[in-house]
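J.: need coordinates for the below:
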Amino acid sequence: MVSIMISMEDSLRERLNLFSWINWSEVAREEAHKREIFKEYMKSKTVSSKNLKFCEKADWHPVDELPLKKEFVEKLKEIDKRGPGKSITIKEFNNWCNSL
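T.: Coordinates of the predicted model:
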């Protein structure tokens, strides 16, 4: 196995040390793996079964990295313009949940 050393500013190192329970090496390995999977996906538009298992475990998929489609962004803007919907009571919410 290869070992990599990364140089960083002292301030970043101090901030990382605030989260001592996080295995930063594992985070870096996962991010590197995601990058490789994304590159493969961009070339072939597929993900191997081995990589798909990793994606499921990480709750991530290469399409998560793609930009949103313009049509979707426009639709979200239109919904945002309408403002919040009608407020409902807890009883109405429970009735709605039970109807599902």
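
J.: contacts, neighbours, all on C-alpha from now
T.: Fine.

J.: look up how far residue 14 lies from the residue lying farthest from the centre of the chain.
T.: Distance from the C-alpha centroid of the chain, by Cα atoms, centre = their mean, peaks at residue 91 (34.1 Å). Using Cα to Cα, to the nearest Å, we find residue 91 at a distance of 49 Å from residue 14.

J.: residue 24 versus the residue sitting nearest the centre point of the chain, what's the distance?
T.: Computing the C-alpha centroid of the chain and ranking residues by Cα atoms, centre = their mean puts residue 60 first, at 5.7 Å. Note on residue 60: its distance to residue 24, by Cα to Cα, is 18 Å.

J.: before we move on, what about residue 48?
T.: Distance from residue 48 to residue 24, counting by Cα to Cα: 26 Å.

J.: try residue 4
T.: Distance from residue 4 to residue 24, by Cα to Cα: 12 Å.

J.: comparing those two, which residue is more hemmed in?
T.: Legend: neighbour count by other Cα atoms under 10 Å for residue 4 and residue 24, higher for residue 24 (13 against 6).

J.: and that one, its phi and psi?
T.: In terms of degrees, to the nearest 10, the main-chain angles of residue 24 are phi -70, psi -30.
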